[in-house]
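J.: Could you work out the structure for the sequence below:
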Amino acid sequence: VAAALCATTAGVELTAEQEENLPDFGNPEVAGRLKCSACRASAVEMHDAMRKLREKRGKAKIREYEYTEIMDEICDGPVAKYGIQLRNNLPTHKFSKDTTISRATGNWAQRYAQGVCADLYREHEEELLELQRSPLLEFVEEVCVRRMSVCDKDTVAGRALGDERGTEYE
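T.: All right, here's what the predicted structure looks like:
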């Protein structure tokens, strides 16, 4: 499983030590942190995509199919670029898209993030559209804490959402 992951900044496969330290999905606490991180990443990307569509269209009315088109692309596009962040050259329990830091990407990490994204979209599509104009932090909190129930309020309150060095809310 781990052999298909690689550290993207170095472009090499994970070392034996890194493979040994990959997150253990069998541990409910670890699985919960990963799911929360993937939800945060997905929510940030969805919020950003809807904001960009509104900016692009200006005052013109946005049709439902336009939202559907952009939302359909989120899980296979931006979210697929996330990987498990490495700290001190060892895997953490956080997803990141920051290409300036080492990340374990590919295979299960990508599929896991995409799966959480797809679940979020499939189970909460209407709510996502209703909440789209909410400030980013409120959007992520509503989606990942209240709707998906995969994060607690303290976890979402961190200044960086969806990425250790990524999107910050104001």
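
J.: Now do Lys94, the pLDDT please.
T.: You'll see Lys94 listed with a pLDDT of 88.

J.: That one belongs to a strand?
T.: Yes: under DSSP: H, G, I helix; E, B strand; the rest coil, Lys94 sits within a strand.

J.: Quick check: it vs His124, distance?
T.: To His124, Lys94 is 22 Å away according to Cβ to Cβ, to the nearest Å. For the C-beta atoms, the positions are set from N, CA and C on the backbone; glycine is no exception.

J.: quick one, which of these two is more surrounded?
T.: Neighbour count, other Cβ atoms under 10 Å: between Lys94 and His124, Lys94 has more, with 24 against 18.

J.: Distance check, the more buried one against Arg133.
T.: From Lys94 to Arg133 the distance is 28 Å (Cβ to Cβ).

J.: Same check on Asp24?
T.: Asp24 is 39 Å from Arg133, where distance means Cβ to Cβ.

J.: Glu17 now?
T.: Noted for Glu17: a distance of 46 Å to Arg133, by Cβ to Cβ.

J.: All the strands of this structure, in order from the start?
T.: Assigned by DSSP state E, the strands in the chain fall at 6-7, 12-13, 83-87, 90-96, 103-105.

J.: which secondary structure elements does the third one contact?
T.: Packing partners of strand 83-87 (3 or more Cβ pairs under 8 Å, 6 or more residues apart in numbering; DSSP states H and E): strand 90-96, strand 103-105, helix 107-131.

J.: tell me the angle it makes with helix 107-131.
T.: Per axes from the mean of the first three to the mean of the last three Cα atoms, to 10 degrees, the angle that strand 83-87 makes with helix 107-131 is 110 degrees.
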